[in-house]
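Engineer: A predicted structure for the sequence below; I have some questions about it.
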Amino acid sequence: TVSDPHEIANVCGMDGVRYMVNDGAQTPIKFAFGAPSCVPATFFETAGAEITTEDIRELFQDERIRYLSEMMNWPGVLHDDALVLEKIRIAHEAGRVVDGHAPGLRGEDARIYAARGMSTDHECFTLEEALDKIEAGMKILVREGSAARNFDALHPLLSSHPDLVMLCTDDMHPDALVLGHINLIVRRAVAAGHDVYNVLRAASVHPVEHYGLPVGLLREGDPADFVVVSDLEQFSVLETWIDGVCVAQHGTP
């Protein structure tokens, strides 16, 4: 998973981030956590903690912190806020990518935002907005979660720009997660007529390469990380393998 501990950091600060990282290490799952970029999200709200530039620098000493989480303060990016730009600089200095978060941003503003180092955006709600951001140099995460659902608007990108698209859920409620995750988006994309391998690359290869995940891609010498699915239409997961070990069958560990 590519997971942003922003919410727990808003409440518990660095202790919350460390808790998630260490708790995740108790399972076979390969978690790639982000360093929260906007805690508090704005200075107009009361948060339980603050993540400073020095905290971000410290987090990047841990290889399990793979990226700078979504930069929600897009006005700060556009207006050269020194604190915002320092967080981005620290991420790039550490060799980490920076996730964007800029709903509705288009045109010259999108180009400036991307030029400051934002590599992705998962907040697009129209195809035109997504194309603007692709032209600016960003990759688009097609989101279909429990709250925000953008698949219907954005799925044409899987055919028009297959190398610049990934899939995400952003937020999934537990009752929805037990029914499936990215595999459900894959099912819908293939049913919509997109090439199955373009869809599978968006679901797996592209995020592994973009975030530098320690996940195998079925190449010689890679760790054996893969799922066995029922077929290339329903994508029901039958087995999950991590580092060559079958960790779950038919949803049961």
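Structural biologist: Now that the structure is in, tell me what you want to look at.

Engineer: wait, doesn't residue 124 sit right on residue 134?
Structural biologist: No: if you go by Cβ atoms under 8 Å, residue 124 and residue 134 don't touch, sitting 9.5 Å apart. In this view, the C-beta of every residue, glycine as well, is placed from N, C-alpha and C.

Engineer: Looking at these two, which is more packed in?
Structural biologist: residue 124 (28 against 20; other Cβ atoms under 10 Å).

Engineer: For that one, which non-adjacent residue is spatially closest?
Structural biologist: Of all residues not flanking residue 124 in the chain, residue 130 sits nearest, at 4.1 Å (Cβ to Cβ, 6 or more residues apart in numbering).

Engineer: Would you list the phi and psi of that neighbour?
Structural biologist: The phi and psi values for residue 130, taken as degrees, to the nearest 10, are phi -60, psi -40.

Engineer: what separates it from residue 27, distance-wise?
Structural biologist: The span separating residue 130 from residue 27 equals 34 Å under the rule Cβ to Cβ, to the nearest Å.

Engineer: and those two? which has more neighbours close in?
Structural biologist: Higher neighbour count among residue 130 and residue 27: residue 130, with 27 against 11, using other Cβ under 10 Å.

Engineer: Model confidence at residue 12, what's the number?
Structural biologist: pLDDT, residue 12: 95.

Engineer: should've said residue 47
Structural biologist: What the model reports for residue 47 is a pLDDT of 85.

Engineer: cool, residue 246 as well?
Structural biologist: Note on residue 246: pLDDT of 97.

Engineer: Grab the nearest non-local neighbour of it.
Structural biologist: Taking Cβ to Cβ, 6+ apart as the measure, residue 246 lies nearest to residue 239, with 5.6 Å between them; neighbours along the chain are not counted.

Engineer: Could you look up the SS state of the one you found?
Structural biologist: Following DSSP: H, G, I helix; E, B strand; the rest coil, residue 239 is assigned to strand.

Engineer: tell me the contacts of the residue nearest to residue 124?
Structural biologist: Residues counted as contacts of residue 130 (Cβ atoms under 8 Å, 6 or more residues apart in numbering) are 121, 124, 140, 154, 157.

Engineer: Let me know the helix or strand that the nearest residue to residue 245 once chain neighbours are set aside is in.
Structural biologist: On the basis of Cβ to Cβ, 6+ apart, the spatially nearest residue to residue 245 that is not a chain neighbour turns out to be residue 28, at 7.0 Å. Taking DSSP states H and E as the criterion, no element holds residue 28; it sits outside all helices and strands.

Engineer: Over to residue 67?
Structural biologist: Residue 67 is part of strand 65-71, with elements assigned from DSSP H and E.

Engineer: could you dump that strand to CSV, C-alpha only?
Structural biologist: The C-alpha atoms that make up strand 65-71 are tabulated as CSV, following Å, rounded to 0.1, in the frame of the first residue of the first chain:
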residue,chain,number,x,y,z
ILE,A,65,8.9,6.7,4.4
ARG,A,66,8.8,6.7,0.6
TYR,A,67,7.4,10.1,-0.4
LEU,A,68,6.1,13.5,0.8
SER,A,69,2.4,13.1,1.2
GLU,A,70,-0.1,15.2,-0.7
MET,A,71,0.8,18.9,-0.7
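
Engineer: Name the residues that touch that strand?
Structural biologist: With contacts defined as Cβ under 8 Å, 6+ apart, strand 65-71 is touched by 2, 4-6, 21, 32-38, 56, 59, 77, 84, 87-88, 90-91, 96-102, 118, 122, 211-213.

Engineer: if we go to 7 Å?
Structural biologist: Contacts of strand 65-71 from elsewhere in the structure, counted by Cβ atoms under 7 Å, 6 or more residues apart in numbering, are 4, 6, 32-38, 59, 77, 87-88, 91, 96-101, 118, 211-213.

Engineer: Filter the residues you listed down to just the ones in helices.
Structural biologist: In helices, defined here by DSSP state H, the members of those are 6, 59, 77, 87, 88, 91, 211.
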